[in-house]
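1. for reference, the sequence and a predicted model appear below.
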Amino acid sequence: MALANNLKPIFCIGEVLEEREANKQNEVVEAQLASVFSLSAEDFSKVILAYEPVWAIGTGKTATPAQAQEIHAHIRSLVAAKYGQEVAENTSILYGGSCKPSNAKELFANPDVDGGLIGGAALKVADFKGIIDAFK
Ligand SMILES: O=C(CO)COP(=O)(O)O
């Protein structure tokens, strides 16, 4: 419906804490992607993905850069398996979950982290600017 009305959806996926502790995050995001993988390649290319671990949203806990890179790479590999390498490389996969100026640079430095989906820090100009500066 969003696509039919020329909106650009951000499709958010991510595991809860118990799933992370049980090392099930890869299979959780794979199951969550199933619904968006019903789209044609053309429609899928209009979708932005965001990895948002539920345990990190608004909690002050952040995925480490290594955790973010590992699962972003896994998500991109799933996109590649479904739609091919070119679509996978062109898909934006954002990280969301307690992203702030102090951790943004390290998170964004990862090859498979294409940007951030910012919640609380976007409400404070100085914090949001710090995150933007980290992206440069
Ligand atoms: O849910 C989020 C953005 O959609 C993330 O929120 P926080 O940055 O406040 O954790």
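-> That came in fine, so what should we check first?

2. count residues in the vicinity of the residue nearest to residue 49 when sequence neighbours are not counted, would you?
-> Closest residue in space to residue 49, ignoring its immediate chain neighbours: residue 93 at 4.8 Å, by C-beta to C-beta, 6 or more residues apart in numbering. To be clear about C-beta, it is placed using only N, CA and C from the backbone, and glycine gets the same treatment. A count of nearby residues for residue 93, using other C-beta atoms under 10 Å, gives 21.

3. wait, doesn't residue 93 sit right on residue 75?
-> Yes. Under the criterion of C-beta atoms under 8 Å, residue 93 makes contact with residue 75 at 5.6 Å.

4. which residue does the protein have closest to the ligand?
-> Nearest to the ligand in the chain, going by C-beta to the nearest ligand atom, is residue 119, at a distance of 2.1 Å.

5. my read: that residue touches residue 57, true?
-> Yes. Judged on C-beta under 8 Å, residue 119 makes contact with residue 57 at a distance of 6.7 Å.

6. roughly how far apart are residue 108 and residue 115?
-> 7 Å (C-beta to C-beta, to the nearest Å).

7. contact partners for residue 3?
-> 9, 39, 43, 46-47 (C-beta atoms under 8 Å, 6 or more residues apart in numbering).

8. drop anything exposed from the residues you listed.
-> 39, 47 (16 or more other C-beta atoms under 10 Å).

9. counting contacts, what elements does the helix or strand harbouring residue 71 pack onto?
-> Assigned by DSSP states H and E, residue 71 belongs to helix 65-83. If contacts are counted by 3 or more C-beta pairs under 8 Å, 6 or more residues apart in numbering; DSSP states H and E, helix 65-83 sits against helix 25-36, helix 41-44, strand 48-51, helix 85-90, strand 93-95, helix 101-108.
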